[in-house]
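> turn this into a structure:
(one chain, ligands or ions: 1)
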Amino acid sequence: MELFKAFWKGFASGMKKEGQMKTQREEPGKQSALAIIKEPPIQIVGECLSAQDFVRYVEELSFPHPLPTRIFLHHTWKPTLEEWRGLDSLYAIKAYYEKQLWEDESGHLHEGWTAGPHLFIADDGIWLFSDLRYDGVGVYGHNYRSRHVEMVGNYDAQRPSGPVLENTIVALGILHERLGLDIEKLNFHRDFSTKSCPGWAVEKEWIIPLVKEWIEEYRREKEKKLSALRRSLVRMIEDLLVPVNPQAALAKAAQARGLLGALTHEIPMEIDDRGYVVQLFAEALIVPVNEWDKVESLHEYEEDQVSTTRSKEDEERHAPPPRDSFDFQGEIR
Ligand SMILES: [Zn+2]
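Here you go, the predicted model:
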């Protein structure tokens with residue numbers, strides 16, 4: 001019931017917004033007399049994952065298009081790492097965001113953000129706040145197609161270390177890899193603000209190579225697993241395969257297509273008075289259990305695992321944002 005009320009309130013305030021925008025256009029002078037629009041409570045995920053589980057979580061998350069184009073790193077400044085109380089802190093932050101006042105592009109005042117940052121990373125794990133599949137709020141005027149990662153703590157005087165740093169490296173690594181984003185282009189909040197966020201002690205020259213190293217190791221591990229998969233499949237049908245001349249046109253084409261191996265020797269054939277060579281090859285198809293519409297050839301599966309996303313150029317072809325979705329004017333930095 002509470003949820004329905006909140007939804008109705010949000011819906012009604014949306015209607016009100018529409019109406020007010022019309023009024024404003026007709027009678028621009030009346031705007032100041034309008035009431036504050038109360039936003040519905042922020043929906044949060046509210047779960048804490050280990051770095052390893054977070055990798056799995058992001059690997060399996062299906063991001064709707066258009067995909068995010070950048071990731072911002074922040075620090076909370078407050079709460080500090082010592083003050084952090086897990087879920088209690090997460091709810092305190094949520095309550096804080098829900099009290100913030102902000103002005104939309106038509107000059108209307110709103111109370112409460114519609115979303116917040118996506119992750120709060122502490123020593124106890126990676127806390128999921130706003131849903132990673134959608135835009136959140138983190139940098140004034142730069143929230144469209146962005147994701148926001150908060151390191152819990154104040155890093156103006158000293159760099160993060162220990163589990164909070166390790167968890168941050170993993171989170172940034174898997175997000176960039178999964179979304180096909182270049183870690184060299186990691187964004188800091190302070191790139192667009194006078195704040196120190198993610199803390200003066202945190203420099204791109206320091207953190208980017210650490211994440212890069214993680215990404216390289218992640219790719220190596222993945223390729224190892226893939227070649228192990230192919231080897232074990234070939235081993236299963238070893239008795240059926242025949243040796244081929246690797247320079248033959250069909251054998252080369254089979255390899256390029258990622259087929260498992262030849263099942264016959266080359267067979268000369270005549271079709272409509274023309275000579276052909278035919279050869280049968282083994283192909284493996286693979287599908288995740290209970291996702292029966294996601295059938296791929298082994299080759300397609302391998303390609304997908306190596307680069308999970310489309311090329312950057314394809315990404316750029318999407319229209320740029322008309323304007324940012326939400327404002328950010330809070331105190332947390
Ligand atoms: Zn920030």
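> which parts of the helix ranked longest in the chain are buried?
Using DSSP state H to define each element, the chain has its longest helix at helix 204-236. By 16 or more other CB atoms under 10 Å, the buried positions in helix 204-236 come out as I207, I208, V211, K212, W214, I215, K222, L226, L229, R230, L233. For glycine as for every other residue, the C-beta is placed from the backbone atoms N, C-alpha and C.
> want to try TSV for these, with pLDDT as columns?
What follows is the buried residues of helix 204-236, written out as TSV (pLDDT from 0 to 100):
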residue	pLDDT
I207	98
I208	98
V211	98
K212	98
W214	98
I215	97
K222	90
L226	88
L229	92
R230	93
L233	94
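> from those, list the ones also adjacent to the ion.
With the criterion set as CB under 5 Å from the ion, no member of these is near the ion.
> what helices or strands is the following helix or strand past the longest helix of the chain leaning on?
Per DSSP states H and E, the first helix or strand lying C-terminal to helix 204-236 is helix 249-256. Judged by 3 or more CB pairs under 8 Å, 6 or more residues apart in numbering; DSSP states H and E, the packing partners of helix 249-256 are strand 261-262.
> which strands and helices sit next to the strand it packs on?
helix 249-256, strand 281-282.
> any idea how far E47 lies from the ion?
To the ion, E47 is 22 Å away according to CB to the ion, to the nearest Å.
> what's near enough to touch that residue?
W127, L128 (CB atoms under 8 Å, 6 or more residues apart in numbering).
> give me that answer again for 10 Å
Residues in contact with E47 (CB atoms under 10 Å, 6 or more residues apart in numbering) are D53, F54, Y57, L87, L90, G125, I126, W127, L128, F129.
> for G136, same thing?
42, 68, 72, 113-119, 129-130, 143, 146-148, 325-326, 328.
> which residue packs closest to it, ignoring adjacent ones?
Counting by CB to CB, 6 or more residues apart in numbering, G136 lies nearest to S130, which is 3.9 Å off, once chain neighbours are set aside.
> give the burial count for the one you found, as a bare number.
S130 has 25 neighbours, counted by other CB atoms under 10 Å.
> pretty sure it sits in a strand.
No: per DSSP: H, G, I helix; E, B strand; the rest coil, S130 lies outside any strand segment and is coil.
> the longest helix of the chain - contacts with which helices or strands?
Counting contacts by 3 or more CB pairs under 10 Å, 6 or more residues apart in numbering; DSSP states H and E, helix 204-236 packs against helix 51-60, strand 70-75, helix 162-179, strand 187-188, strand 281-282, helix 298-306.
> most tightly surrounded among those?
For the helices and strands packed on helix 204-236, the largest average neighbour count (mean count of other CB atoms under 10 Å) is found in strand 70-75, namely a mean of 25.
> now it - C-alpha only, CSV.
C-alpha atoms of strand 70-75 as CSV (Å, rounded to 0.1, in the frame of the first residue of the first chain):
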residue,chain,number,x,y,z
ARG,A,70,31.2,6.6,-18.9
ILE,A,71,31.8,5.8,-15.3
PHE,A,72,32.5,8.3,-12.5
LEU,A,73,34.6,7.6,-9.4
HIS,A,74,33.6,9.3,-6.2
HIS,A,75,34.4,9.2,-2.5
